[in-house]
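Chemist: Turn this into a structure:
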Amino acid sequence: MRIMGLDFGSKTVGVAISDELLLTAQGIEIIERKEENKLRRTLARIETLILEYGVEEIVLGLPKNMNNSLGERAELSMAFKDRLERRTNVPVVMWDERLTTVAADKAMIEAGIRREHRKEHVDKIAACFILQGYLDYRKNKESLGGEAGI
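Modeler: Model (predicted):
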């Protein structure tokens with residue numbers, strides 16, 4: 001079993017995949033979106049990756065506002081979740097993605113990646129942070145007998 005992590009944006013979708021032991025997340029690609037309101041190609045590519053990697057669950061970033069409220073981007077992400085579940089029949093879990101892009105950018109700075117090259121990778125790395133956070137949560141929940149909270 002593998003879990004897929006997605007960072008859904010207006011122009012791109014960052015994609016990460018877990019290892020089979022559900023311990024680590026690896027970024028695999030960034031899906032370029034031609035138009036914000038057209039999802040057919042994006043959904044088809046995600047469906048292909050689901051089959052290729054044997055994905056049984058998807059974690060989708062939920063871009064909450066810093067005050068924990070849901071704005072327009074969160075609403076779009078939840079609508080994408082519904083379409084993704086209908087298309088793939090794979091359960092989708094929403095995961096708070098606040099500050100994942102900031103964390104991804106910071107990780108690239110620390111790794112010495114030049115500013116002009118960071119944009120090429122930020123969504124894929126953000127997807128890794130989303131997925132890794134979820135994997136760690138699952139592992140902690142199991143070790144505490146199912147009593148962990150987000």
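Chemist: in the chain, which spans are strands?
Modeler: 2-8, 12-18, 25-32, 55-62, 92-96 (DSSP state E).
Chemist: can you tell which of those strands is closest to E75?
Modeler: strand 55-62 (10.2 Å; CB to CB). Quick note: C-beta positions are derived from backbone N, CA and C, even for glycine.
Chemist: List the buried residues in the closest one.
Modeler: For strand 55-62, burial by neighbour count (16 or more other CB atoms under 10 Å) applies to V55, E57, I58, V59, L60, G61, L62.
Chemist: now stretch 49-56
Modeler: Of the residues in stretch 49-56, those buried (16+ other CB under 10 Å) are L49, I50, Y53, V55.
Chemist: Return that stretch as CSV; C-alpha atoms alone will do.
Modeler: The C-alpha coordinates for stretch 49-56 follow below in CSV (Å, rounded to 0.1, in the frame of the first residue of the first chain):
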residue,chain,number,x,y,z
LEU,A,49,0.0,7.7,-11.0
ILE,A,50,-2.4,6.0,-8.7
LEU,A,51,-2.4,2.9,-10.8
GLU,A,52,1.4,3.0,-11.4
TYR,A,53,2.2,3.2,-7.7
GLY,A,54,-0.7,1.2,-6.2
VAL,A,55,-2.0,4.1,-4.2
GLU,A,56,-4.9,3.3,-1.8
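Chemist: Mind checking the pLDDT average for the lengthiest helix in the chain?
Modeler: Ranked by residue count under DSSP state H, the longest helix found in the chain is helix 122-143. Averaging pLDDT along helix 122-143 gives 87.
Chemist: Name the helix or strand of the chain that has the lowest mean pLDDT.
Modeler: Scoring the helices and strands of the chain by mean pLDDT, DSSP states H and E places helix 115-118 at the bottom, with a mean of 63.
Chemist: what number of residues lie near I31?
Modeler: Applying other CB atoms under 10 Å, we find 21 residues neighbouring I31.
Chemist: could you measure the closest residue to it other than its chain neighbours against K106, distance?
Modeler: The spatially closest residue to I31, leaving aside those adjacent along the chain, is V13, at 4.3 Å (CB to CB, 6 or more residues apart in numbering). Remark: distance between V13 and K106 (CB to CB, to the nearest Å) = 21 Å.
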